[in-house]
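K.L.:
no FASTA, just this:
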């Protein structure tokens, strides 16, 4: 090897060491990572019918008969509403009623509803039964649905009578 080659190698090695030292001298002393994520919206209603809800003795009386438990569940911080509608009471004012599917049978039996202990007035067939200004807990909120009627004071035609209740949850 000649003298020039050795000098050239020495210069390259010195430059590499200088650059390595410079990189270390200019390295940051702190760093950050921004973590983020999302929580999806939850807005759910579960209606659990109770024993005997579809075998009611309409020829007798019932007082506060538990027919369903409704679970309201949401994480909406601004709140939610729950509406209750009766198929038979649509377009009517006042109480819902049981009626026959047979058009020749005009008999009906009115009944009243409570939702979480509060009476429900189904003006035009529906009513807002919950108007909450915040979210529920993680298990939701259970609400009892109870009905009352006085079938013993009626003398209805022999038949099957029914009504359908629909519960709807909506975010504000």
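P.N.:
Done, it's in. Keep in mind that what you see is a predicted model, and the values were worked out from it rather than measured.
K.L.:
Beyond the lowest-mean-pLDDT helix or strand in the chain, next helix or strand please.
P.N.:
With mean pLDDT, DSSP states H and E as the measure, the helix or strand of the chain carrying the lowest mean pLDDT is helix 3-25 (a mean of 59). Beyond helix 3-25 on the C-terminal side, the first helix or strand identified by DSSP states H and E is strand 43-49.
K.L.:
buried stuff in that following strand?
P.N.:
When burial is assessed from 16 or more other C-beta atoms under 10 Å, strand 43-49 yields the following buried residues: residue 45. Backbone N, C-alpha and C define where each C-beta goes, glycine included.
K.L.:
Kindly report the same for stretch 51-65.
P.N.:
Across stretch 51-65, burial judged by 16+ other C-beta under 10 Å covers 56, 58, 62, 65.
K.L.:
now stretch 66-82
P.N.:
By 16+ other C-beta under 10 Å, the buried positions in stretch 66-82 come out as 67-68, 70-76, 80, 82.
K.L.:
Quick one: list the elements packing against the longest strand along the chain.
P.N.:
Selection of the longest strand in the chain by residue count, based on DSSP state E, yields strand 61-74. Using 3 or more C-beta pairs under 8 Å, 6 or more residues apart in numbering; DSSP states H and E as the contact criterion, the secondary-structure elements in contact with strand 61-74 are strand 43-49, strand 80-86, strand 141-150, strand 165-171.
K.L.:
Ok, which of the ones you listed comes nearest residue 117?
P.N.:
Put simply, out of these the one that sits nearest residue 117 is strand 141-150, at 7.2 Å, with distance taken as C-beta to C-beta.
K.L.:
ok, and what's touching the closest one?
P.N.:
Here strand 141-150 makes contact (C-beta atoms under 8 Å, 6 or more residues apart in numbering) with 58, 61-73, 82, 98, 109-117, 129-130, 165.
K.L.:
Okay, now the unreliable bits of the protein?
P.N.:
1-25 (pLDDT under 70).
K.L.:
Can you pull up the most central residue in it?
P.N.:
Nearest to the geometric centre of the chain sits residue 44, at 2.0 Å (C-alpha atoms, centre = their mean).
K.L.:
OK, contacts around that residue?
P.N.:
Contact criterion C-beta under 8 Å, 6+ apart gives 71, 73-74, 140, 169 as the residues in contact with residue 44.
K.L.:
Kindly recompute the last result at 7 Å.
P.N.:
Residues touching residue 44, when contacts are defined by C-beta atoms under 7 Å, 6 or more residues apart in numbering, comprise 73, 169.
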